[in-house]
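Got a predicted structure plus its sequence, pasted below:
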Amino acid sequence: MKVQDTKLNGVKLITPPTIFEDIRGSYVEIYNEQIYKKAGIPIKFIQDDISTSNKYVLRGIHGDSETWKLISCLYGKFYLVVVNLDENSSQFKQWESFTLSDTNHQQVLVPPKFGNGHLVLSAVAIFHYKQSTQYNRKGQFTYLWNDPELKIWWPITNPILSRRDEGREDV
């Protein structure tokens, strides 16, 4: 298992502990509480969520003040953006991007007070995340994917968006 710090304090890039591939296919151990704790990730995850999206669908930027997320790509490929939205941080509104896929098997650990969004780059992608709290949409914040203050670079300029991510729906 490999855990790397990123340019955003608290955000980690993780290569899972077990990745095995042969002519039959692959096997990836995407979470093992004991191994992750030994690697310095003592977060208790209590919920798993999956979303499936088609190419050019962009979801987010969403987050809340309580939840840790461990994000993986189970199938396909997506461009993930993580934004520090902690108003008390010296890195407030700074962001970093990652490309997660079913071939690189990397994960990103996202702390509370950070938002994340992703853009699907393959025909279909399955986005998986473990959460440290129960999902509470009313407790979430949303920033527009193209918020002029954040200045996030995305690989396309005209993604497919939900009403929420277009800013046309109250959270």
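That came through fine.

pLDDT averaged over the longest helix belonging to the chain - what is it?
In the chain, assigned by DSSP state H, the helix with the most residues is helix 33-38. The average pLDDT for helix 33-38 rounds to 97.

Now it: buried residues?
Y36 (16 or more other Cβ atoms under 10 Å). For every residue, glycine as well, the C-beta is placed using N, CA and C.

List the contacts of that helix.
For helix 33-38, contacts defined as Cβ atoms under 8 Å, 6 or more residues apart in numbering pick out M1, P17, P42, I43.

quick one: it to chain centroid distance?
20 Å (Cα atoms, centre = their mean, to the nearest Å).

wait, what's in contact with the residue most central in space within the chain?
Central residue of the chain (Cα atoms, centre = their mean): I71, 4.5 Å from the mean position. I71 is in contact with L80, L100, Q107, V108, L109, V110, N116, F127, H128, Y129, counting by Cβ under 8 Å, 6+ apart.

can you tell me the helix or strand for it?
Assigned by DSSP states H and E, I71 belongs to strand 69-75.

For the following helix or strand past that strand, name the packing helices and strands.
Using DSSP H and E, the helix or strand that follows strand 69-75 towards the C-terminus is strand 77-84. In terms of contacts (3 or more Cβ pairs under 8 Å, 6 or more residues apart in numbering; DSSP states H and E), strand 77-84 is packed against strand 58-63, strand 95-101, strand 107-110, strand 114-120, strand 124-131.

and with 7 Å instead?
strand 95-101, strand 107-110, strand 114-120, strand 124-131 (3 or more Cβ pairs under 7 Å, 6 or more residues apart in numbering; DSSP states H and E).

Now find how far off-centre the helix or strand following the last one is within its chain.
Tracing the chain C-terminally past strand 124-131 and defining elements by DSSP H and E, one meets strand 141-142 next. Here strand 141-142 shows a centroid-to-chain-centroid distance of 15 Å under the convention Cα atoms, centre = their mean.

any idea which helix or strand comes after strand 141-142?
With DSSP H and E, the next secondary element past strand 141-142 is helix 163-166.

Would you mind writing the CA trace of that next one as PDB?
Presented in PDB, the C-alpha positions along helix 163-166 are these (Å, rounded to 0.1, in the frame of the first residue of the first chain):
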ATOM      1  CA  ARG A 163     -30.000  21.000 -12.300                       C
ATOM      2  CA  ARG A 164     -28.100  21.200  -9.000                       C
ATOM      3  CA  ASP A 165     -24.800  21.500 -10.700                       C
ATOM      4  CA  GLU A 166     -26.100  24.100 -13.100                       C
END
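
Wait, V124 touches F78, no?
No: contact criterion Cβ atoms under 7 Å: V124 and F78 do not qualify, at 10.3 Å.
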